Each structure stands twice: as C-alpha cells, then as structure tokens.
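> Here is the input, now give the coordinates:
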Amino acid sequence: MLFLTLFVLTAVTICVFAVWPALGGSSANPLRRSPAEPTPTGEIPEVRPESLEGVLVAQLMAGEVTCGQYQRAVEGLAARDEDRHPLAVPPEIGPADA
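Have a look, this model is predicted:
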C-alpha cells in the first residue's frame, strides 16, 4: 500500500511539473521568455546567431550573400568539419551470421 501511495504521489508531481509551463506558471519569469516573444513594451529583441552556420543563414536572409555563396560556404564548413573530426568506422568483428 505504501508503494502505491508513493507511486501515485510521484506521478502527480511529475504531471504538475510537466503541465506548469503550459498553464502560465513560467510566463511571470522574464528570464525564461523565448527570444521571439515580444517584450512587455511590444518590441522584439534582436537575437544574435551563436554559430557560423547561424551567421551564414542571417546573411542569406538579409540578402548579404546569394544562394550560391551560401552553398559554397556551407560546403567549406562541412569539409573543414570532416578534416577536424573524421568519421571513424569501427572494424568488422566477423560475419553477421556468427
């Protein structure tokens, strides 16, 4: 009986914490606001990209680079990533039917 009671209390606690943000419990905390949500004054804050890919996408959306330039830049990033972190395929252990 004790186990059942603890199990139900744990399940209810997990459900409350899962549903709390949807009920508006976290909307009062301004630090947890999504960057795309308007601020209380109505303006949307500027979000800066955190990666090189993000910078390239921002430049593409702003019209600073063309689609071809973007594709070549992303190809260069992929090649550089392949050089830095090559994919290591593990050796075969033996036949699959063994």
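
> So what's the residue count around Leu56?
19 (other C-beta atoms under 10 Å). Using the backbone N, CA and C atoms, a C-beta is placed for each residue, glycine as well.

> just checking, what packs against the regular element (helix or strand) spanning Ala78?
In this structure, Ala78 is located in helix 67-84 according to DSSP states H and E. Helix 67-84 makes packing contacts with helix 52-62 when contacts are defined by 3 or more C-beta pairs under 8 Å, 6 or more residues apart in numbering; DSSP states H and E.

> Give the buried residues for the helix it packs on.
Going by neighbour count (16 or more other C-beta atoms under 10 Å), the buried part of helix 52-62 is 56, 59-60.

> what do you get for stretch 75-89?
By neighbour count with 16+ other C-beta under 10 Å, stretch 75-89 contains no buried residues.

> picking that back up, which one of the buried residues of helix 52-62 is nearest to Glu75?
Nearest to Glu75 out of the buried residues of helix 52-62 is Leu56 (C-beta to C-beta; 11.2 Å).

> Against Pro86, how distant is the closest residue in space to the closest one that isn't next to it in sequence?
Counting by C-beta to C-beta, 6 or more residues apart in numbering, Ala73 is the residue found nearest to Leu56 once chain neighbours are left out, at 5.4 Å. To Pro86, Ala73 is 21 Å away according to C-beta to C-beta, to the nearest Å.
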